[in-house]
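Student: from the sequence below, what's the structure:
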Amino acid sequence: MQQQYAIISNIHSQFGYPPFWKRANHFESLCKTILEQQVSLASARSSYEKLNQFCETITPIRLSTLTEVEYRNCGVTKQKARYLTLLAERVLQQPDFFNSLIKMDNESAKEMLMSLKGIGHWTANVYILIALNRMDIYPDFDVALINSIAYEIFDGKKIDNDTAKNYIAQFSPYKSIACLYFYHAYTVRRKVMFIP
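Tutor: Residues are numbered from 1 along each chain as shown. Purely as a prediction, here's the structure:
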């Protein structure tokens, strides 16, 4: 226990408190998280801003009517356009979708999110972490997080998701806090800006 606290304390002494990355629990936030899949934060932010400007307001009704060409003109791939359209249609059919998530435990919320096409472990866990602000979350397959843990703990040696996940497990029931510190170390070292 003392060792794990010492690790966080060391990161804190170098980088200070991590920012409070918070998104509202609503449609637009989940759209942002989908756009962030497997691309740089800068690329995702650019697509989001173009989409937001084109739509004026990102709503389920608006996104459900966009064509593939309109999505592409906003920098959104065909695949992600499909995911966003299906999400929009689901929320129109189930208006209490996001309120329902609040009432669920982590696993149930994850299952509900992953019932949507295009939402896997990473997207679901990141959303639960920063939109529902749950305290015991590890975002599987997050490259930035895995690289940060590798750098801070494993002397920069390449590690896989299972190794990172098993390492973070020791911080339960506060895995989220540990992850936020490792994210913070990564963003400062790499000079990357995350805008919720």
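
Student: so who does the residue sitting nearest the centre point of the chain touch?
Tutor: Centroid-nearest residue in the chain: residue 126, 3.0 Å away (criterion: Cα atoms, centre = their mean). Residue 126 sits next to 33, 36, 139, 142 when contact means Cβ atoms under 8 Å, 6 or more residues apart in numbering. For the C-beta atoms, the positions are set from N, CA and C on the backbone; glycine is no exception.

Student: helix or strand: which one has it?
Tutor: helix 121-130 (DSSP states H and E).

Student: next structured bit after that helix?
Tutor: Counting by DSSP H and E, what follows helix 121-130 is helix 143-153.

Student: could you tell me the angle between the next helix or strand after that following helix and helix 143-153?
Tutor: Heading C-terminal from helix 143-153, the first helix or strand you meet, by DSSP H and E, is helix 161-168. Here helix 161-168 runs at an angle of 60 degrees relative to helix 143-153 (axes from the mean of the first three to the mean of the last three Cα atoms, to 10 degrees).

Student: pLDDT (mean, whole number) over helix 161-168?
Tutor: For helix 161-168, mean pLDDT is 98.

Student: so what does it touch, helix or strand wise?
Tutor: Identification of packing neighbours for helix 161-168 by 3 or more Cβ pairs under 8 Å, 6 or more residues apart in numbering; DSSP states H and E yields helix 143-153, helix 175-190.

Student: I appreciate the help and will end here.
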